[in-house]
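J.: Below are the sequence and a predicted model for it; my questions follow.
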Amino acid sequence: MSVDVGDMLMMDRFRQWQATHNRSYLIMEERLRRFQMYRDNVEYIDPTNRRGDLTYELGENEFADLTQEEFLARYASSYDGASDDTGITMPTGGGDADLWSSRGEDNSLEAPPPPSMDWRAKGAVMPKSQSSSCSSCWAFVTVATIETLNWIRTGKLVSLSEQQMVDCDQYNGGSNRDGGLTTEAEYPYTAVRGACNRAKSAHHVVQINGSGVIPARNEPEM
């Protein structure tokens, strides 16, 4: 009976992944099924990272034992915003047009942009949050964008409230009209939609004066 060395190495890698992410399975059949899902994902990750022509790198995160369909079913947003596009709303124009300016740096289009930019390395991105399976990914993505824009504008990285958007997006014209966001500490995340707390929502630490739409999957516009 021969043993496939590749299978053994992959199983060792899977065990290390399980230990890293504290993942266990109750029955052997489920463990073997998840191992195959993990292997399928790794066999996509490794050759992609070897290409050498990409500006990003894939990794084995906590979702590496899920299929694409399972991931979308659990974590992808089912939110249907006011726009018929699936774009993200972002502050634009008005008196805060210089929101896009980066604290004293020359951002004119006369100079070519860098081939890549890691905003995390600049300290402009909050640590990632888990939105669980409550269909609030849209709020986390939008708030993360506003946090970074606020950093560009002020140099301060402030954790803003996703729960405010979840609770108040249908109140008084929605989150994207004539208002702003309070902090995560002031209005913490609960993973369920509740009644809009108008008192907390009125305490704006970041003011939003307008919005625009970025078409879905349009990288040049982003």
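T.: Yep, that arrived.

J.: make it CA atoms for all contacts and neighbour counts henceforth
T.: Fine.

J.: wait, Q163 sits on P188?
T.: Yes: the pair Q163 / P188 is scored as a contact, 6.2 Å apart, by C-alpha atoms under 8 Å.

J.: which of the two has more neighbours?
T.: Between Q163 and P188, counted using other C-alpha atoms under 10 Å, Q163 has the larger neighbour count: 27 against 14.

J.: Could you say whether that one sits in a helix, a strand or coil?
T.: For Q163, the assignment made with DSSP: H, G, I helix; E, B strand; the rest coil gives helix.

J.: list the contacts for it?
T.: The contact partners of Q163, taken as C-alpha atoms under 8 Å, 6 or more residues apart in numbering, are 139, 184, 187-191, 193.

J.: Export these to a markdown table and append columns for pLDDT.
T.: Output for those, formatted as a markdown table (pLDDT from 0 to 100):
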| residue | pLDDT |
| --- | --- |
| A139 | 85 |
| E184 | 92 |
| Y187 | 92 |
| P188 | 91 |
| Y189 | 89 |
| T190 | 86 |
| A191 | 80 |
| R193 | 82 |
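
J.: and which of those is nearest to E221?
T.: In terms of C-alpha to C-alpha, no member of the contacts of Q163 lies closer to E221 than A139, at 20.3 Å.

J.: Quick check: closest non-adjacent residue to that closest one.
T.: E162 (5.5 Å; C-alpha to C-alpha, 6 or more residues apart in numbering).

J.: Could you check how many residues crowd around the one you found?
T.: 27.

J.: which one of the contacts of Q163 has the most neighbours?
T.: Busiest of those [other C-alpha under 10 Å] is A139, holding 22 neighbours.

J.: which stretch of helix or strand covers it?
T.: helix 137-154 (DSSP states H and E).

J.: Run through the chain and note the low-pLDDT ranges.
T.: Residues of the chain that meet the criterion pLDDT under 70 lie in 1-3, 75-111, 129-135, 171-178, 217, 219, 222.

J.: among the contacts of Q163, which two are most distant?
T.: Greatest spatial distance among those (C-alpha to C-alpha): E184 and R193, at 15.3 Å.

J.: Give me the phi and psi angles of G194.
T.: For G194, the backbone dihedrals are phi -120, psi -170 (criterion: degrees, to the nearest 10).

J.: Now for the nearest residue to it once chain neighbours are set aside, how many residues are close by?
T.: Leaving aside its sequence neighbours, G194 sits nearest to D167 (C-alpha to C-alpha, 6+ apart; 5.3 Å). Neighbours of D167 under the rule other C-alpha under 10 Å: 19.
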